[in-house]
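K.L.:
this one's structure only:
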């Protein structure tokens with residue numbers, strides 16, 4: 001259901017890419033987004049006291 005909701009939200013977007021951050025302590029969440037067509041392109045720690053996040057991109061529209 002989350003997959004269908006994400007696809008519906010991104011389906012009509014005019015942008016070429018979708019970007020999201022995933023907490024590095026949650027590799028299963030990262031794997032789920034990879035199954036949905038996102039790919040890890042780097043890591044980012046937005047603030048000195050924040051978690052290290054995986055930066056993930058997907059080309060839009062995301063193919064089924």
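P.N.:
Looks like it arrived, so ask away. Here the structure is a predicted model, which is why all the values come from computation and not from measurement.
K.L.:
identify each buried residue in the helix or strand bottoming out on mean pLDDT in the chain, please.
P.N.:
Of the helices and strands making up the chain, the lowest-confidence element is helix 2-11, at a mean of 80, by mean pLDDT, DSSP states H and E. Going by neighbour count (16 or more other CB atoms under 10 Å), the buried part of helix 2-11 is 6, 10. For every residue, glycine as well, the C-beta is placed using N, CA and C.
K.L.:
list the strands paired with the helix or strand just after that helix, with their directions.
P.N.:
Next helix or strand after helix 2-11 toward the C-terminus (DSSP states H and E): strand 17-23. Partners of strand 17-23 in the sheet, by DSSP bridges, are strand 53-59 (antiparallel).
K.L.:
now the partner strand: how far from the chain's centre is it?
P.N.:
Centre-to-centre, strand 53-59 and its host chain are 5 Å apart (CA atoms, centre = their mean, to the nearest Å).
K.L.:
next, the buried residues of that strand.
P.N.:
Buried residues in strand 53-59, counted by 16+ other CB under 10 Å: 53, 54, 56, 57, 58.
K.L.:
so residue 63 touches residue 10, yeah?
P.N.:
No: the criterion here is CB atoms under 8 Å, and residue 63 misses it with residue 10 at 11.3 Å.
K.L.:
tell me which of the buried residues of strand 53-59 is nearest to residue 36?
P.N.:
Taking CB to CB as the measure, residue 36 lies nearest residue 58 of those, at 7.3 Å.
K.L.:
excluding chain neighbours, what is closest to residue 63?
P.N.:
Spatial nearest neighbour of residue 63, excluding adjacent residues (CB to CB, 6 or more residues apart in numbering): residue 37 at 6.5 Å.
K.L.:
can you list the weak-confidence ranges in this protein?
P.N.:
Scanning the chain with the threshold set as pLDDT under 70 gives 64.
K.L.:
and residue 22, how many neighbours?
P.N.:
Per other CB atoms under 10 Å, the neighbour tally for residue 22 reads 21.
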